[in-house]
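> Sharing a model that was predicted from the sequence below.
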Amino acid sequence: MNRINELFNRKQHDILSLYFCAGSPTLESTASIVKTLELKGIDMIEIGIPFSDPMADGVVIQEAATQALRNGMTLRKLFEQLKDIRREVNMPLILMGYLNPIMQYGFEHFCQSCQACGIDGIIIPDLPFKDYQEEYRPIAERYDLRIIMLITPETSEERIREIDQHTDGFIYMVSSAATTGAQKNFDEQKQAYFKRIENMKLHNPRMIGFGISNKQTYEAAASHASGCIIGSKFITLLNEEQGDAAKAADRLKSLLEQ
């Protein structure tokens with residue numbers, strides 16, 4: 001069974017997934033961050049593929065991607081760094097990146113490299129759902145990769161149900177129609193969106209991301225989904241701790257509890 005499916009079968013609530021950008025803060029830090037986060041009890045990790053024009057990302061992730069590119073990170077380098085990761089890491093691993101660098105690499109070649117490293121899923125924010133259905137899904141399934149689709153407060157119920165019907169893994173609920181970045185709280189409108197999707201009783205589990213940075217936002221999201229995805233706040237803490245993922249993870253967990 002794919003590790004993503006196994007995780008959600010085993011654990012229905014309070015799943016914590018962290019995002020960081022490969023090659024940042026240092027070129028060679030990617031594998032060590034992954035290993036450390038598993039030891040810290042994180043449930044799942046999204047590894048960002050740096051791109052020069054990350055349209056869905058806020059300032060923190062943009063700066064991390066810029067730093068990674070300056071450090072020399074490439075997809076080929078990332079796969080080299082992850083080639084032995086399954087000797088020490090058992091949690092689900094997801095690559096998140098934009099279509100352009102993946103297409104430059106070659107989509108089937110990308111899927112082959114993911115399978116060779118033990119990657120379980122991929123998130124491509126700018127992949128149109130129609131193209132996913134017609135071209136990308138059959139190839140990804142050949143390599144047992146889950147393509148995770150995103151929904152927002154503006155996504156229609158019809159489209160949400162279509163995504164739910166034709167994907168397997170989890171649905172990434174973007175908390176608001178904005179770029180990534182920490183928020184102090186989620187207003188009533190956002191919480192109404194969480195409840196609305198929860199009441200749809202979808203087949204796939206849901207993870208909520210974008211803006212989660214403290215106990216208030218974490219609890220508001222986690223109470224209406226299987227768990228939360230935290231990126232910008234973790235990257236900020238990782239930078240403050242000069243790349244020490246253990247200290248950054250401890251500080252993040254403390255923030256979610258206070």
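It's in.

> just so I have it, where are all the strands in the protein?
In chain order, the chain shows strands spanning 15-21, 44-48, 93-96, 121-123, 146-148, 150-151, 171-174, 206-209, 227-230, with DSSP state E as the criterion.

> Can you report how many residues neighbour residue 131?
A count of neighbours around residue 131, defined by other C-beta atoms under 10 Å, yields 12. Heads up, the C-betas are built off the backbone N, CA and C, glycines and all.

> Provide the partner residues of the residue most central in space within the chain in its beta bridges.
The residue at the geometric middle of the chain, judged as the C-alpha nearest the mean C-alpha position with C-alpha atoms, centre = their mean, is residue 46 (3.9 Å). For residue 46, the beta-bridge partners are residue 19, residue 94 (DSSP bridges).

> Next one: it from residue 122, what distance?
Between residue 46 and residue 122 the distance is 10 Å, computed by C-beta to C-beta, to the nearest Å.

> Can you work out which residues contact both of the two?
Shared contacts of residue 46 and residue 122 (C-beta atoms under 8 Å, 6 or more residues apart in numbering): 94, 95, 96.

> what's the neighbour count on the spatially closest residue to the last one that is not a sequence neighbour?
By that I understand residue 96. Across the structure, with C-beta to C-beta, 6 or more residues apart in numbering as the measure, the residue nearest residue 96 apart from its sequence neighbours is residue 123 (4.1 Å). Residue 123 has 23 neighbouring residues, counting by other C-beta under 10 Å.

> So residue 123 sits against residue 99, correct?
No. In this structure, residue 123 is not within contact of residue 99 by C-beta atoms under 8 Å, at 11.1 Å.

> Quick one: residues contacting the residue nearest to residue 246 when sequence neighbours are not counted.
Leaving aside its sequence neighbours, residue 246 sits nearest to residue 36 (C-beta to C-beta, 6+ apart; 5.2 Å). Residues near residue 36 by C-beta under 8 Å, 6+ apart: 245, 246, 249.

> Can you flag which of those residues belong to helices?
Judged by DSSP state H, the subset of those located in helices is 245, 246, 249.

> With that, I have no additional questions.
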